[in-house]
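Chemist: following is a predicted model, sequence given first.
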Amino acid sequence: MLGILFAGIVLTPARSFACATCYGANIDSPMADGMNWGIFTLLGVVGTVLATFLTFLIYIIRKSEAMNAAAEAAAKSPQV
């Protein structure tokens, strides 16, 4: 299996490694600008999702700590 993968990588022509936009190396073309904006947009979406997930985890951790502190305070207070 590893030999087939290695042979596939070694025997692949060098032209197949670059997409049609990158292969021409014309940085000033509108297609390259569109591709760059697409990359930045996807990075923004992924960054927003990750930041939201991190914020939610921080909220859950703080809420859990507050509930544990309240439970400990209730356990220490005298019962009537």
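Modeler: On my side now, so go ahead. Fair warning: this is a prediction, and the values are worked out from it, not measured in the lab.

Chemist: any idea which residue is closest to the centre of the chain?
Modeler: For the chain, residue 46 is the residue whose C-alpha lies nearest the centre (C-alpha atoms, centre = their mean; 5.2 Å).

Chemist: how close does that residue get to residue 58?
Modeler: 19 Å (C-beta to C-beta, to the nearest Å). The way it works is simple: take the backbone N, C-alpha and C, and place the C-beta from them, glycine included.

Chemist: quick one: list the elements packing against the helix or strand hosting residue 61.
Modeler: Per DSSP states H and E, residue 61 falls inside helix 30-76. Judged by 3 or more C-beta pairs under 8 Å, 6 or more residues apart in numbering; DSSP states H and E, helix 30-76 is in contact with helix 20-23.

Chemist: what about the helix it packs on, average pLDDT?
Modeler: What helix 20-23 shows for mean pLDDT is 61.

Chemist: now stretch 58-70
Modeler: Here stretch 58-70 scores 97 as its mean pLDDT.

Chemist: ditto for stretch 33-52
Modeler: 94.

Chemist: quick one: that stretch to chain centroid distance?
Modeler: 10 Å (C-alpha atoms, centre = their mean, to the nearest Å).

Chemist: before we move on, what about stretch 29-42?
Modeler: With C-alpha atoms, centre = their mean, you get 19 Å for stretch 29-42.

Chemist: what does stretch 56-67 give?
Modeler: Counting by C-alpha atoms, centre = their mean, stretch 56-67 is centred 23 Å from the centre of its parent chain.
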